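**Student:** Sequence plus the predicted model coming up.
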Amino acid sequence: EVHLLESGGELVQPGGSLRLSCAASGLTFHKYAMNWVRQAPGKGLEWVSSINGNGGDTYYADSVKGRFTISRDNSKNTAYLQMNSLRADDTAIYYCATDPYGFRYFDFWGQGMLVTVSS
Amino acid sequence: QSVLTQPPSVSAAPGQKVTISCSGSSSNIGNNYVSWYQQFPGTAPRLLVYDNDKRPSGIPDRFSGSKSGTSATLGITGLQTGDEADYFCAIGDPSLSRWVFGGGTKLTVL
């Protein structure tokens, strides 16, 4: 059974930084693209970032480009999202999700964690 | 404002059928696979349909997907109160290296 466990979400001040982690189990990790999708309170889903299986290619939504960095450590079966220059509109539940092909579909999702950006 | 348009809400009685539309353009839906996700309040989304019309294992055949031109449709038959949730369509676009989601549709089973 596939499990994705996110960690690192917390309250941070505007302009601050945070690193989210997503630890995966039950799958051949390097065969999956990893993704971050967020959901602001009461809103819909918004794609944030993707990284391919070997970590060589990364992709970002315009809203986070230049501020967020996605990475992965296949030896630890873990993906990361480094978030810098955080703004109030980054406040959301952040989900990690797997994609077996890259830009195809999200087959497994983590439980999500709340990131709150507020002074 | 999403590039994929879904109705904000739909409703139907238990046992009935409902369809949820996802309207796009030739550059998104027309050229890429559509996937659908179900989300209950306070929980993570779950994959319902992938590659336009395929169901993952464990998803009942009451759920179906289709695509025609620049629109996609999620169908749910034999509605149950447990189907009350938000439903999202999504497109992964490898040529533009981005994902887009529909705004979501809240299903109410009356």
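**Tutor:** Everything's here; your move.
**Student:** For residue A:13, which non-adjacent residue is spatially closest?
**Tutor:** Closest residue to residue A:13 apart from its sequence neighbours, by Cβ to Cβ, 6 or more residues apart in numbering or on different chains: residue A:119 at 5.3 Å. To be clear about C-beta, it is placed using only N, CA and C from the backbone, and glycine gets the same treatment.
**Student:** Neighbours of the one you found, how many?
**Tutor:** Per other Cβ atoms under 10 Å in any protein chain shown, the neighbour tally for residue A:119 reads 9.
**Student:** What distance do you get for it to residue A:25?
**Tutor:** 37 Å (Cβ to Cβ, to the nearest Å).
**Student:** and if you look at residue A:81?
**Tutor:** Residue A:81 is 19 Å from residue A:25, by Cβ to Cβ.
**Student:** The longest strand along chain B pairs with which strands, and in what direction?
**Tutor:** The longest strand of chain B (DSSP state E) is strand B:85-93. Paired neighbours of strand B:85-93 in the sheet (DSSP bridges): strand B:34-39 (antiparallel), strand B:98-101 (antiparallel), strand B:105-109 (antiparallel).
**Student:** Check these for me and report the most buried one.
**Tutor:** strand B:34-39 (a mean of 25; mean count of other Cβ atoms under 10 Å in any protein chain shown).
**Student:** Residue A:35 against residue A:47, yeah?
**Tutor:** Yes. Using Cβ atoms under 8 Å, residue A:35 makes contact with residue A:47 at a distance of 7.1 Å.
**Student:** Spell out which parts of chain B neighbour chain A.
**Tutor:** B:2, B:32-33, B:35, B:37, B:39, B:43-47, B:50-51, B:56, B:88, B:90, B:92-94, B:97-104 (Cβ under 8 Å from any Cβ of the partner chain).
**Student:** just the buried members of the residues you listed?
**Tutor:** The neighbour-count criterion (16 or more other Cβ atoms under 10 Å in any protein chain shown) marks B:2, B:32-33, B:35, B:37, B:39, B:44-47, B:50, B:88, B:90, B:92-93, B:98-104 among the residues of chain B next to chain A as buried.
**Student:** Show me where chain B has its strands.
**Tutor:** B:9-12, B:18-23, B:34-39, B:46-49, B:63-68, B:71-76, B:85-93, B:98-101, B:105-109.
**Student:** Redo those strands as JSON lines? Include mean pLDDT.
**Tutor:** Listed next are these as JSON lines, based on pLDDT from 0 to 100:
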{"stretch": "strand B:9-12", "mean pLDDT": "97"}
{"stretch": "strand B:18-23", "mean pLDDT": "98"}
{"stretch": "strand B:34-39", "mean pLDDT": "98"}
{"stretch": "strand B:46-49", "mean pLDDT": "98"}
{"stretch": "strand B:63-68", "mean pLDDT": "97"}
{"stretch": "strand B:71-76", "mean pLDDT": "97"}
{"stretch": "strand B:85-93", "mean pLDDT": "97"}
{"stretch": "strand B:98-101", "mean pLDDT": "96"}
{"stretch": "strand B:105-109", "mean pLDDT": "98"}
